[in-house]
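1. Let me see the structure of the following:
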Amino acid sequence: MDSLITIKTFTHPSELLILKGRLESEGIECFVKDELITQIIPLYSNAVGGVKLQVKESDVEKAMEILKDAGYLREQDAQPSSFYTKLDKATSKIPFLKKLKFEIRLLIVLTAIVSSIVLTIYYVTLPSTFERLPEYNWCVDSITYDGKDYTPTTSQFFQIEIAGGENCHETIGFRTNGIIKLPSFGSKGISGNWSIINDSLQIEKTDTFDFVYDGVYDVDLSKNQLILKSQKTTIYCHIEKTSFNFPF
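-> Alright, predicted model coming up:
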């Protein structure tokens, strides 16, 4: 079986149609290589060495004569770039790629690179955990203090009113000015200061029940659930469905 020999390269597939037709009219069977990649991504034509017009080895001499007569033959012809050669060599060593055509391998590699860049940009631009805290009102589900769980009906000392469903009577609100609003034990709300220290949340200077709330908290934020955990207090919250941003 004759091997295929590249006799001429072109930047775009449309450029070889006339010559291909001329050769075929002389009874020479023609083949086109790397046409797909240049049609999909035209800018990569030079990278892969252009679109290649190939003939069988037994037809090379006759085809070259036709090229000379038609004025297509040059002393220097387009050769694959170093990028093409290196990439072809590198991808041909990858087990699940080496049996594929080069243009398919190149598409897979480019897709992987673009996907990695897009994912990196996506995660870099995501708001941090602490940037998300002021975006919502956080409905308090329960609080554990000093090893004991406190719910709406289990303690007269520490009682949180939670209506359930879409209603939420006890919330935590993180203000962008560093003020935090905390669950109260009556009609008056509890206020304090919050800040970020070494990737942890610090609550301090609460005007009431500072022994419960003041401290440094680890923050676990997953989807719409928020858990704040200090040495003595753990607060379980979720995003209030009717929550809104606080401008102050």
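2. Lowest mean pLDDT among the helices and strands, pick that one out for the protein.
-> Between all helices and strands in the chain, the lowest mean by mean pLDDT, DSSP states H and E belongs to helix 82-91, at a mean of 68.
3. counting contacts, what elements does the next helix or strand after it pack onto?
-> Downstream of helix 82-91, the next assigned helix or strand under DSSP states H and E is helix 102-125. In this structure, helix 102-125 makes packing contacts with helix 35-40, helix 82-91, judged by 3 or more C-beta pairs under 8 Å, 6 or more residues apart in numbering; DSSP states H and E. From N, CA and C alone the C-beta is placed, and that goes for glycine too.
4. Can you give the domain ranges for this protein?
-> When the chain is parsed with automatic domain parsing, its domains come out as 4-122, 130-239.
5. Throw those into JSON lines and include mean neighbour count, thanks.
-> Below are the domains of the chain laid out as JSON lines (neighbours: other C-beta atoms under 10 Å):
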{"stretch": "domain 4-122", "mean neighbour count": "15"}
{"stretch": "domain 130-239", "mean neighbour count": "16"}
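6. wait, doesn't residue 60 sit right on residue 8?
-> No - taking C-beta atoms under 8 Å as the definition, residue 60 is not a contact partner of residue 8, at 11.3 Å.
7. which residues do those two both contact?
-> Counting by C-beta atoms under 8 Å, 6 or more residues apart in numbering, residue 60 and residue 8 have no common neighbour.
8. quick one: contacts for residue 63?
-> By C-beta under 8 Å, 6+ apart, the neighbours of residue 63 are 7, 23, 28, 55.
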